[in-house]
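K.L.:
Structure for this input, please:
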Amino acid sequence: MNQDDQKPNFDVTRRDFLQWLGIGAGGTVIGLSMGCRYLQPAPGETNPLSRAVSREWEKIYRDQYRYDRSFDWVCSPNDTHACRIRSYVRNGIVVRSGATYDIQDYADLYGNHATANWNPRQCAKGYTFHRVLYGPYRLRHPIMRKGWKDWADAGFPEMTPETKARYKFDARGDDEFVQVSWEEASQKIARALVSISTRYSGEEGKKKLLAQGYQPEMVEAMGGAGTRCVKMRGGMGLLGVLGKYGIYRLNNSLAFLDEKIRNVDHEKALAGRTWSNYTWHGDQAPGHPWVHGLQASDCDFNDLRYSKLIIMDGKNLVENKLTDSHWFIECMERGGKVVVIAPEYGPPSTKADYWIPIRPATDAALWLGITKLMMDQKKYDEDFVKRFTDFPLLVRTDNLKRLRASEIFANYRSGL
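P.N.:
Have a look, this model is predicted:
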């Protein structure tokens, strides 16, 4: 079979085409006339539209957003957005939440107003937060690790290898939690603070700490107070002043405990150590204050809209900054470039113009190299670095104190 044999034969004359066209038009007219006959309204009671029809079911849709009252609150689920949210209450239960869209009305004591571009201030966590409050898995009572509870009931014996194994301090993941009352939880916490502070106070406590391998400089800085062994981290203040700073007040009140244990005057009593997110928790970048002089408050997210280059390193603006993610998206819409430095190809990497997949824990080495290049090529603002950052500061290796300019330059005087 050749190629011409495969082609269908469509030889149609003009007369045949017009005949077919007439037949089709006639069929259409016949079909329309028959259809119109069947579309005549039904007479009398057979017409369902001639009698009353129950439409009560429509209230379900009309009333689904009905509410009795509303109230505004600040949402802070383990992030620093602190969005103002409006919740709507029906029958005493929060049924939904929504943004207030009024951030442009916010102002500080000096009259500075925020921009409306911050709206909307809410994310999926805030929209569904009321489900956490009413959820069946919400924890409504204190729980305590069984091994720790048994250790407390035994009088807090010293932590020998045998003791650690007995109370599962070396296998906490294999332990279970037990429910306790609020009174029992408070009593055991208080007894633990007393036991720790007493055990490591004075010369005997100093010997125990040195035997455990603590550096002599750390032990000496305690001043003989066992309360200095207690380290508390109250969280970021931006998450809620009352809820987060309360732990610092508790830690400071341990000075009363030290006064009783060592029998010292209140002016010589020492409280516990308060450690921040940078010194202990490590939740924020420890190098942030070195570079900017502030703790993650160096810029306003509103500035991201006009940035030409955004580098994400240790920051996930897609998943961990849900409310503020629109800022860098607007930067992309304006033609800005996005660079993501991360070992994994995560959600931010999918939005990046450049993805730099470094090995884990090599961020510092990468940025130290970049810093050296910037210094060698003089690509930095010298006045800003000297006035607002910790870059010029050095630490001596002999006494671990900051190196003073007067120790290097004779007759040095500060210009400030």
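K.L.:
What pairs with the host helix or strand of residue 86, parallel or antiparallel?
P.N.:
Per DSSP states H and E: residue 86 is located in strand 83-90. Next to strand 83-90 in the sheet, as set by DSSP bridges, lie strand 69-75 (antiparallel), strand 93-99 (antiparallel).
K.L.:
Just the buried positions in the first one, please.
P.N.:
Of the residues in strand 69-75, those scored as buried under the neighbour-count criterion (16 or more other C-beta atoms under 10 Å) are residue 75. For glycine as for every other residue, the C-beta is placed from the backbone atoms N, C-alpha and C.
K.L.:
what's in contact with that strand?
P.N.:
81-89, 100, 122, 125-126, 129, 240 (C-beta atoms under 8 Å, 6 or more residues apart in numbering).
K.L.:
Only the buried members of those residues: can you turn that into a ChimeraX selection?
P.N.:
Command for ChimeraX, covering only those of these found buried under the criterion 16+ other C-beta under 10 Å:
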select :81,83,84,85,86,87,88,100,122,125,126,129
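K.L.:
Report the lowest-confidence entry in the contacts of strand 69-75.
P.N.:
Within the contacts of strand 69-75, residue 240 has the lowest pLDDT, namely 59.
K.L.:
how's the protein carved up into domains?
P.N.:
In terms of domains, the chain is parsed into 66-134, 299-376 (source: automatic domain parsing).
K.L.:
Distance from the first one to the middle of the chain?
P.N.:
The chain centre lies 16 Å from the centre of domain 66-134; the measure is C-alpha atoms, centre = their mean, to the nearest Å.
K.L.:
about what we covered before: any chance of CSV for the domains of the chain, columns distance to residue 271?
P.N.:
As requested, the domains of the chain are exported to CSV (distance: least, C-beta to C-beta, whole Å):
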stretch, distance to residue 271
domain 66-134, 27
domain 299-376, 32
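K.L.:
Which among the strands paired with strand 83-90 is found nearest to residue 363?
P.N.:
strand 69-75 (30.6 Å; C-beta to C-beta).
K.L.:
could you give the mean pLDDT of the closest one?
P.N.:
The model assigns strand 69-75 a mean pLDDT of 91.
K.L.:
Pull out the buried positions in stretch 316-331.
P.N.:
For stretch 316-331, the neighbour count (16+ other C-beta under 10 Å) marks 316-318, 321-328, 330-331 as buried.
K.L.:
Farthest pair within the residues you listed?
P.N.:
The widest separation within the buried residues of stretch 316-331 (C-beta to C-beta) is 17.7 Å, between 316 and 330.
K.L.:
Do a quick rundown of the helices in the stretch 301-416 of the chain.
P.N.:
325-333, 347-350, 363-376, 382-388 (DSSP state H, counting those that start in this stretch).
K.L.:
For residue 111, find the nearest of the ones you listed.
P.N.:
When those are compared by C-beta to C-beta, helix 325-333 sits nearest residue 111, at 24.0 Å.
K.L.:
Check which helices and strands the closest one sits against.
P.N.:
Counting contacts by 3 or more C-beta pairs under 8 Å, 6 or more residues apart in numbering; DSSP states H and E, helix 325-333 is packed against strand 337-341.
K.L.:
distance between the ends of stretch 390-398?
P.N.:
Stretch 390-398 stretches 20 Å from its first residue to its last (C-alpha to C-alpha, to the nearest Å).
K.L.:
returning to what we had before: let me have the helices of the stretch 301-416 of the chain in JSON lines, extended by mean pLDDT and distance to residue 249.
P.N.:
JSON lines is the format used below for these (pLDDT from 0 to 100; distance: least, C-beta to C-beta, whole Å):
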{"stretch": "helix 325-333", "mean pLDDT": "86", "distance to residue 249": "35"}
{"stretch": "helix 347-350", "mean pLDDT": "91", "distance to residue 249": "38"}
{"stretch": "helix 363-376", "mean pLDDT": "89", "distance to residue 249": "35"}
{"stretch": "helix 382-388", "mean pLDDT": "82", "distance to residue 249": "31"}
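K.L.:
any chance of the ones you listed in TSV, plus distance to residue 177?
P.N.:
Output for the helices of the stretch 301-416 of the chain, formatted as TSV (distance: least, C-beta to C-beta, whole Å):
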stretch	distance to residue 177
helix 325-333	35
helix 347-350	33
helix 363-376	35
helix 382-388	47
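K.L.:
Looking at the ones you listed, which is nearest to residue 171?
P.N.:
Closest of the helices of the stretch 301-416 of the chain to residue 171 is helix 363-376, at 32.0 Å (criterion: C-beta to C-beta).
K.L.:
Please identify the buried residues of that closest one?
P.N.:
Buried, per 16+ other C-beta under 10 Å, within helix 363-376: residue 363.
K.L.:
Convert that helix to PDB, retaining C-alpha atoms only.
P.N.:
Only the C-alpha atoms of helix 363-376 are listed here, as PDB (Å, rounded to 0.1, in the frame of the first residue of the first chain):
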ATOM      1  CA  ASP A 363      28.100  27.700  57.800                       C
ATOM      2  CA  ALA A 364      30.700  29.400  60.000                       C
ATOM      3  CA  ALA A 365      33.600  28.300  57.800                       C
ATOM      4  CA  LEU A 366      31.800  29.600  54.700                       C
ATOM      5  CA  TRP A 367      31.000  33.000  56.300                       C
ATOM      6  CA  LEU A 368      34.500  33.400  57.800                       C
ATOM      7  CA  GLY A 369      35.800  32.900  54.300                       C
ATOM      8  CA  ILE A 370      33.400  35.500  52.900                       C
ATOM      9  CA  THR A 371      34.300  37.900  55.700                       C
ATOM     10  CA  LYS A 372      38.000  37.500  54.900                       C
ATOM     11  CA  LEU A 373      37.400  38.300  51.300                       C
ATOM     12  CA  MET A 374      35.300  41.400  52.300                       C
ATOM     13  CA  MET A 375      38.100  42.600  54.600                       C
ATOM     14  CA  ASP A 376      40.900  41.900  52.100                       C
END
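K.L.:
Not counting its own residues, what contacts it?
P.N.:
With contacts defined as C-beta under 8 Å, 6+ apart, helix 363-376 is touched by 287, 313-314, 341, 356, 358, 379-380.
K.L.:
quick revisit: for residue 150, find the nearest of the helices of the stretch 301-416 of the chain.
P.N.:
helix 363-376 (41.6 Å).
K.L.:
just how off-centre is the closest one within its chain?
P.N.:
Worked out by C-alpha atoms, centre = their mean, helix 363-376 lies 28 Å from the chain centre.
K.L.:
Thanks a lot, catch you later.
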